[in-house]
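1. return a 3D structure for these sequence lines:
(chains A and B)
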Amino acid sequence: MPSDTLTSTARTDAQISGLDALEIAGREKEISGGTRVWAATWPKLAALAIVIAAWQLVVWSGWKPPYSLPGPLVVGRELLTQAQGPQLWEGLLTTLRRAAVGYVFSVAVGLLLGLAVARSTVLRAAIGSMITALQTMPSIAWFPLAILLFELSEKAIFFVVVLGAAPSIANGVISGVDYVPPLLLRAGRNLGARGLNLYRYVIAPAALPAIVAGLKQGWAFSWRSLMAGELIVVGISQTSLGAQLTYSRELSDAPWLLSTMIVILVLGLVVDAAFGAADKAIRRRWGVLDQAGQ
Amino acid sequence: MTSTTTTPGSATTAVALSDVTKVYGRGANAVLALDGVSLDVAPGEFVCLVGASGCGKSTLLNLVAGLDRPNGGQIALAGDASPGLMFQEPALFPWLTVDGNVEVPLKLRGLPRAERRARVAELLRTVHLADFGRTRPHELSGGMRQRVALARTLALDTPVLLMDEPFGALDAMTRDILHDELERIWSERKLSVLFVTHNVREAARLADRVILLSSRPGRIIYSTTVDIPRPRRIDSPEVAAIAAEVTERLRTEVGRHAE
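-> Numbers count the residues shown, from 1 in each chain, chains lettered A, B, ... in the order given. Below you'll find the predicted structure:
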């Protein structure tokens, strides 16, 4: 009997290994790094080429005089000149500093607010819908009030940036906590996670994808609010990117205006790509990408 | 958990339910899910609960696991560890590796790092997944995930295992092998198992005792001891005979709801 059990165990072992090997076979798809980078890059390069070509065609068509719509070559040369002078970099630095301060503060407010609302039914009833209402308010509509409250100052910009970004972040936290699969909560509780530990081991990581989505949306809002603010609240001594846009328009310096726009666009794209990468990394880890067949 | 009393050192029963009643909803909409269920699981006993839909099988497990409270009656557990619970879904944490998943209950119990590592390795060997510690749940097959879930539940070091149709979503071949695995682990670790299934053959294959619950309200209407020597095979005539007998009773019970 013992030898019988032994052979049956050995047989089961072999069956298990065989079944496992069969079931997970062919799931790995290895693509070399170079190929992947190229596959991700060429459509973007193609899109850029198309945009520049279209721009050049419009300029050549003579639709607008060159002093209001200069061609890509002129703007490119202006961009190079700007990159060699201090003005662009000082503006960039000012704008980035404002963005960072406003965003970090929004994240802190949004996370705390979101967590508080997600936890307490009273708070949810009281301010849950208010957060959504705040989100529907175009941030530029806050500026008149902000200027009345803080005058033409950085504080006014900061105020609007936070009002624009914090609700999105809070909403991300709330929906993340709300949509934690109940099964995972039950499993976590059964494994001994209660109270704070349940947040640490189950709720926070399960909500992370939604929280990152909220952070991304919050960034988009704060970036838009900041640009609007810098266009409106000029006259402060520092020349931010937004102020440079206003000045270049007032001076009818179209190449300067367009080159500043390109800087703003690139900046936005870079930050967006960073968020996109974080989002993708999380979804890959969580196994969401694989299930979607990517 | 007011009605769940713990009786430490009880040698005769691992799980003792006496006159447990559970009602969902209130007033006219109230549904009596469990009606006076009394049931003892002896230490080291493998008990299968069988019943048609709506018989309150899962309700019963939730009550024993302490995830829900009964409206009446007593639930007593031997020892001080809460029972481990397994679901039809593996319910693994997708953000953790296989190692990380098995480690969660060990972390929550405050075990030091070195000990946790050793325990995780030992548990994964037990479920034949020693080489898969660094993979993520979504990279594994359904059967493998369920084995990770088993290892994670075993990490609780609890003598009582509650299983809610854990193999219901698996194909027959995988299920067959997991029956062998569960039987081996159960006997090696001298676990007491309360196993819910609607698959009568599975119950006859695994159980020391098969208990049939009626539907709406859930009551114990039949209980039979399975004396077939182990290891068993699901396609053996003895298992089939027990299964046929239980199926007959189950059909009668289902037919009662036709009117």
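2. show me where the stretch 151-259 of chain B has strands.
-> B:160-164, B:192-197, B:209-213, B:220-225 (DSSP state E, counting those that start in this stretch).
3. if I read this right, residue B:39 contacts residue B:211, doesn't it?
-> Yes - at 6.7 Å, residue B:39 counts as touching residue B:211 under the criterion of C-beta atoms under 8 Å. (Glycine included, C-beta is placed from N, CA and C.)
4. any common contacting residues for these two?
-> Residues touching both residue B:39 and residue B:211 (C-beta atoms under 8 Å, 6 or more residues apart in numbering or on different chains): B:47, B:220.
5. near chain B, which residues of the stretch 151-294 of chain A?
-> Contact residues, the stretch 151-294 of chain A versus chain B (C-beta under 8 Å from any C-beta of the partner chain): A:183-184, A:186-193, A:197, A:201-202, A:205-206, A:208, A:285-288, A:290-291.
6. how does it look with 6 Å?
-> Applying C-beta under 6 Å from any C-beta of the partner chain, one finds that the stretch 151-294 of chain A approaches chain B through A:183-184, A:186-187, A:190-193, A:201, A:205, A:285-287, A:290.
7. only whichever of these are buried, select them in ChimeraX.
-> Buried residues among those (16 or more other C-beta atoms under 10 Å in any protein chain shown), as a ChimeraX selection:
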select /A:184,186,187,190,191,192,193,201,205,285,286,287
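8. how about the residues of the stretch 151-294 of chain A next to chain B, which pair is most distant?
-> A:192 and A:290 (29.5 Å; C-beta to C-beta).
9. what about the residue of the stretch 51-200 of chain B found nearest chain A, neighbour count?
-> In the stretch 51-200 of chain B, the residue found nearest to chain A is residue B:138; the distance is 2.8 Å by C-beta to the nearest C-beta. Residue B:138 is flanked by 17 other residues according to other C-beta atoms under 10 Å in any protein chain shown.
10. tell me the pLDDT of it.
-> Model confidence at residue B:138, given as pLDDT, is 89.
11. that one and residue A:285 touch, don't they?
-> No - between residue B:138 and residue A:285 there is no contact under C-beta atoms under 6 Å: 9.4 Å.
12. look up how far residue A:284 lies from residue A:24.
-> For residue A:24, the distance to residue A:284 (C-beta to C-beta, to the nearest Å) stands at 17 Å.
13. same question but for residue B:71, I mixed them up
-> Distance from residue B:71 to residue A:284, by C-beta to C-beta: 46 Å.
14. with residue B:196 instead?
-> For residue B:196 relative to residue A:284 (C-beta to C-beta), the value is 35 Å.
15. ok, residue B:122 next?
-> Counting by C-beta to C-beta - residue B:122 and residue A:284 are separated by 30 Å.
16. ok, residue B:171 next?
-> 27 Å.
17. near chain B, which residues of the stretch 1-150 of chain A?
-> A:12, A:15, A:16, A:20, A:23, A:24.
18. and residue B:197, what does it touch?
-> Neighbouring residues of residue B:197 by C-beta atoms under 6 Å, 6 or more residues apart in numbering or on different chains: B:165, B:203.
19. beta partners of it?
-> residue B:50 (DSSP bridges).
20. quick one on the thing from earlier: out of the residues of the stretch 151-294 of chain A next to chain B, which sit inside helices?
-> Using DSSP state H, A:183, A:184, A:186, A:187, A:190, A:205, A:285, A:286, A:290 are the members of those that sit in helices.
21. now the fourth one: how far from residue B:97?
-> In other words, residue A:187. Taking C-beta to C-beta, one finds residue A:187 at 16 Å from residue B:97.
22. so where's chain A uncertain?
-> Scanning chain A for pLDDT under 70 picks out the ranges A:1-12, A:26-31, A:235-238, A:288-294.
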